[in-house]
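sequence first, predicted coordinates after that:
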Amino acid sequence: MLYHIYETQRSLMEPFTDFAQAAAKLFSNPMSPFSESPLAQRMSAGYELLYRLGKDYEKPAFGIHSVDVNGVGVAVHERIEVDKPFCELRRFKRFSDDPATLAKLKAQPVVLIVAPLSGHYATLLRDTVRTMLKDHKVYITDWKNARLVPLSDGEFHLDDYVNYVQDFIRHLQGIYGNCHVISVCQPTVPVLAAVSLMASRGETTPLTMTMMGGPIDARKSPTAVNNLATNRSYEWFENNVIYRVPDNFPGAGRRVYPGFLQYTGFVAMNPDRHASSHYDYFKDLIKGDDASVEAHRKFYDEYNAVLDMDADYYLETIETVFQDYKLVHGTWDVRSPDGKIERVRPQDIKTTALFTVEGELDDISGSGQTEAAHGLCSGIVHKEQRHLEAKGAGHYGIFSGRRWREVVYPQVRSFIHGHDKPQKKAAAPMTDTPDDNPPRQLVAKSAGAAKGAAPKAAAAKTVAPKATAKAPVKTAASAAPAVSTRWVTPPSATRGGKATGAAAPAAADSDASTPAKTSVTAAATPRTRRSAARKA
């Protein structure tokens, strides 16, 4: 019912927000006689603020059309590589007609960025993607708004998230031979599970895992987010924050955790800061400080755009990560697409290097929560493990903004390039498309991949690319200051073991390349029985 009330309120507010937008332009347009009134600037600023507070924020675009690679403008074409019911794998393909630049692009590492599914869209990592594109071939998971997914596409569980990540890793391995994986915040847990399961089956695992600001062990330095999850029962979340999607959306009737509730929680963590930010926006409009006004708009266009999460996924994340700590206790079982239950064993990972990153001032994932991954991955040798604490960085600062670009990224780039291997030629079936990674290419499957028919939620399809990218614009490269990092010694296991621009790009950036079973039964507690019943 709350969701329906919210949508009714939003519909009633829409005419007023439209009026506020028109009034703001009426008092600010120099051709309007109202702009000559003594209070025109204040009136315009007030209406503009009302419009921003009341408008509906749609999913933003990545909007990355070009990047600067060693002083050369390189065009970027964004396209959907794999389309699943609840997620799209997006590729940012680079083009250049400069032979020297093209040769560099072809040899650069392949990186899969796993974006969080925790309320915001993947575009929150826009700065992460733009920076990574200078030195890497970049793919990113773009999770869909659950209210736009029809009920006929089935449910989405935390197990499905883990299976999606494995499918995407195998897809890139089928093209390039292997890849590197970066997970930011929430996905650090399912990514570690995905790689662990692949290692347990004997599959090829990614060359590196970079985990940034995630709740691997949410018991360490608990934050307000952790406390909320632990102070309320599973049943409380199920009864108080889960609602059905209204009839005016494609996913009508789906049980979801609504995005507007998540947004309310975000704002409630720092209400004074947001109130001050909006008041500063009002004053900047009056002063005519266009730079500050535009910076505010860009931030809140992203921050205010939220998505719904499938109820099963949300509740299982609360239970698995924040209440039962199944990953660190060694009791997490994941159902594969063919229905087999497999135990998550991070200690089985041996050939994947691990880099963890935390922010000194992170108020979402506390100190030590991400670094705990080193203790779990006891099979990774000491020299292949590394940890960085970014001084003065908050949660967003470790993947966006100046500290990300100047402090964190140079370390991430060095770690990935230091563990990269030559890419192989692809054995995947090709089409008549001259691209090395054709849009209609079938998803390559690894030899150890689970057999059998996958549920509809795991079915993938590829789509054709859209229009060509826009002309590139050069951007300034940031210098990398020296930072303090350290190698991590994992504790002993405690649980079982010149250029011209590229306005008319003539060549693609990548070169084609080619390129497992532990079943256990958990102790039958009431909660595990309930979880098994939901999965069945």
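Noted; the coordinates are in hand.

for the stretch 301-450 of the chain, what spans make up the strands?
In the stretch 301-450 of the chain, the strands defined using DSSP state E, counting those that start in this stretch lie at 309-310, 333-335, 341-343, 353-359, 385-390.

could you tell me the angle between the fourth one and strand 385-390?
Taking axes from the mean of the first three to the mean of the last three Cα atoms, to 10 degrees, one finds strand 353-359 and strand 385-390 inclined to each other by 20 degrees.

other SSEs contacting strand 353-359?
Contacts defined by 3 or more Cβ pairs under 8 Å, 6 or more residues apart in numbering; DSSP states H and E place strand 353-359 against strand 208-212, helix 373-376, strand 385-390, helix 409-418. In this view, the C-beta of every residue, glycine as well, is placed from N, C-alpha and C.

so how far is that strand from its chain's centroid?
Its chain's C-alpha centre and that of strand 353-359 lie 16 Å apart, by Cα atoms, centre = their mean, to the nearest Å.

ok, now which ones touch the closest residue to M211 other than its chain neighbours?
Nearest residue to M211 in three dimensions, chain neighbours excluded: T188, at 4.3 Å (Cβ to Cβ, 6 or more residues apart in numbering). By Cβ atoms under 8 Å, 6 or more residues apart in numbering, T188 lies in contact with M211, M212, G213, G214, P215, I216, T370, A373.

leaving out chain neighbours, which residue sits closest to the spatially most central residue of the chain?
Compute the mean C-alpha point of the chain, and by Cα atoms, centre = their mean the closest residue is A115, 1.0 Å away. The shortest distance from A115 to any non-neighbouring residue, by Cβ to Cβ, 6+ apart, is to A122 (3.7 Å).

isn't that neighbour right up against Y139?
No. At 11.1 Å, A122 does not count as touching Y139 under the criterion of Cβ atoms under 8 Å.

circling back to that earlier point, including distance to E238, could the strands of the stretch 301-450 of the chain go into JSON lines?
Below are the strands of the stretch 301-450 of the chain laid out as JSON lines (distance: least, Cβ to Cβ, whole Å):
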{"stretch": "strand 309-310", "distance to E238": "13"}
{"stretch": "strand 333-335", "distance to E238": "20"}
{"stretch": "strand 341-343", "distance to E238": "23"}
{"stretch": "strand 353-359", "distance to E238": "31"}
{"stretch": "strand 385-390", "distance to E238": "36"}
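
mean neighbour count added to those, as JSON lines?
Formatted as JSON lines, these follow (neighbours: other Cβ atoms under 10 Å):
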{"stretch": "strand 309-310", "mean neighbour count": "26"}
{"stretch": "strand 333-335", "mean neighbour count": "21"}
{"stretch": "strand 341-343", "mean neighbour count": "19"}
{"stretch": "strand 353-359", "mean neighbour count": "26"}
{"stretch": "strand 385-390", "mean neighbour count": "22"}
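
format those strands as TSV; extra columns: mean pLDDT.
Listed next are the strands of the stretch 301-450 of the chain as TSV, based on pLDDT from 0 to 100:
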stretch	mean pLDDT
strand 309-310	96
strand 333-335	97
strand 341-343	97
strand 353-359	97
strand 385-390	96
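
for the longest helix seen in the chain, buried residues please.
Identified as the longest helix of the chain according to DSSP state H is helix 2-28. Buried residues in helix 2-28, counted by 16 or more other Cβ atoms under 10 Å: Y3, E7, T17, A20, Q21, A23, A24, K25, L26, F27, S28.

ok, then the element right after that helix?
helix 40-54 (DSSP states H and E).

other SSEs contacting that following helix?
Using 3+ Cβ pairs under 8 Å, 6+ apart: helix 40-54 touches helix 2-28, helix 271-287.

what's the angle from the longest one to helix 271-287?
Comparing the axes of helix 2-28 and helix 271-287 via the same axes, to 10 degrees yields an angle of 20 degrees.

check contacts around Y47.
Y47 neighbours (Cβ under 8 Å, 6+ apart): A20, Q21, A23, A24, F27.

kindly recompute the last result at 7 Å.
By Cβ atoms under 7 Å, 6 or more residues apart in numbering, Y47 lies in contact with A20, A23, A24, F27.

also S196?
V344, R345, P346, D348, I349.

switch the cut-off to 10 Å
162, 205, 327, 332, 334, 342-349, 352, 376-377, 379, 518 (Cβ atoms under 10 Å, 6 or more residues apart in numbering).

one step back: any idea which of the strands of the stretch 301-450 of the chain gets closest to K104?
Of all the strands of the stretch 301-450 of the chain, strand 353-359 sits nearest to K104, with 22.9 Å by Cβ to Cβ.

longest single strand anywhere in this protein?
Longest strand in the chain by number of residues (criterion: DSSP state E): strand 72-84.

what's downstream of it, the next helix or strand?
By DSSP H and E, the next helix or strand past strand 72-84 is strand 87-95.

what comes up buried for that following strand?
C87, E88, L89, R90, R91, F92, K93, R94, F95.

from the residues you listed, pick the one nearest T264.
Looking across the buried residues of strand 87-95 and measuring by Cβ to Cβ, the closest to T264 is C87, at 24.9 Å.

so that closest one touches F168, yeah?
Yes. Between C87 and F168 a contact is recorded at 8.4 Å, counting by Cβ atoms under 10 Å.

alpha carbons only: can I get stretch 96-108 in CSV?
Output of stretch 96-108 as CSV, limited to C-alpha atoms (Å, rounded to 0.1, in the frame of the first residue of the first chain):
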residue,chain,number,x,y,z
SER,A,96,41.2,5.1,-32.7
ASP,A,97,42.7,5.8,-36.1
ASP,A,98,46.1,6.4,-34.7
PRO,A,99,48.2,3.2,-35.2
ALA,A,100,50.5,3.7,-32.2
THR,A,101,47.5,4.3,-29.9
LEU,A,102,45.6,1.4,-31.4
ALA,A,103,48.5,-1.0,-30.7
LYS,A,104,48.5,0.1,-27.0
LEU,A,105,44.7,-0.3,-26.7
LYS,A,106,44.8,-3.9,-28.1
ALA,A,107,47.3,-5.0,-25.4
GLN,A,108,45.6,-3.5,-22.4
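
quick check: buried residues in that stretch?
For stretch 96-108, by 16+ other Cβ under 10 Å, it's S96, D97, D98, T101, L102, K104, L105, Q108.

how about JSON lines for those, with pLDDT and distance to A40 added?
Shown next, in JSON lines, are the buried residues of stretch 96-108 (pLDDT from 0 to 100; distance: Cβ to Cβ, whole Å):
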{"residue": "S96", "pLDDT": "91", "distance to A40": "49"}
{"residue": "D97", "pLDDT": "89", "distance to A40": "50"}
{"residue": "D98", "pLDDT": "88", "distance to A40": "50"}
{"residue": "T101", "pLDDT": "91", "distance to A40": "50"}
{"residue": "L102", "pLDDT": "91", "distance to A40": "54"}
{"residue": "K104", "pLDDT": "91", "distance to A40": "53"}
{"residue": "L105", "pLDDT": "93", "distance to A40": "51"}
{"residue": "Q108", "pLDDT": "95", "distance to A40": "53"}
